[in-house]
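A.B. asks: starting from these lines, generate the structure:
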Amino acid sequence: MTISISKLFLYPIKSCRGIPVSSAEIAPLGFKHDRNYMLVEVKPPKADENDGLKQETWVPMTLRQHPRVSVLHNQIVSNQIADGFNQHFYGER
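C.D. replies: Numbering: from 1, shown residues only. So this is what the prediction gives:
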């Protein structure tokens, strides 16, 4: 049995439109630049039941709830820019 890949897409921002690529670098957690970012909706602060402090909530924007997200275009501009952002916020991927 022969397996072949006819198309390959990366999705730098989860749920947004994919980027067709001819090859992809494999990193420890999957393809480099694939689903490194996610759109979130910030909900207004609510008082916490335990300490009464008000905290905002970040809720992921999924395709089920926000289907128009799938038409947003994104691109990989430079490995240096993307890698520097990831290392600063998330550590090495």
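A.B. asks: wait, residue 62 sits on residue 15?
C.D. replies: Yes. Here residue 62 reaches residue 15: they are 6.4 Å apart, a contact under CB atoms under 8 Å. In short, each C-beta sits where N, CA and C put it, glycine included.
A.B. asks: who's more crowded, those two?
C.D. replies: Neighbours per residue (other CB atoms under 10 Å) separate residue 62 from residue 15, with residue 15 holding more: 19 against 13.
A.B. asks: which ones are touching that one?
C.D. replies: Residue 15 makes contact with 38, 39, 61, 62, 63, 66, 69, 70, according to CB atoms under 8 Å, 6 or more residues apart in numbering.
A.B. asks: tell me the one of those residues nearest residue 21?
C.D. replies: residue 70 (18.2 Å; CB to CB).
A.B. asks: the closest one looks like it's in a helix, true?
C.D. replies: Yes. According to DSSP: H, G, I helix; E, B strand; the rest coil, residue 70 belongs to a helix.
A.B. asks: so it versus residue 36, what's the distance?
C.D. replies: 18 Å (CB to CB, to the nearest Å).
A.B. asks: more neighbours: those two, which one.
C.D. replies: The neighbour comparison of residue 70 against residue 36 (other CB under 10 Å) goes to residue 36, with 23 against 11.
A.B. asks: pretty sure that one sits against residue 11.
C.D. replies: No. Assessed by CB under 8 Å, residue 36 is found out of contact with residue 11, at 9.2 Å.
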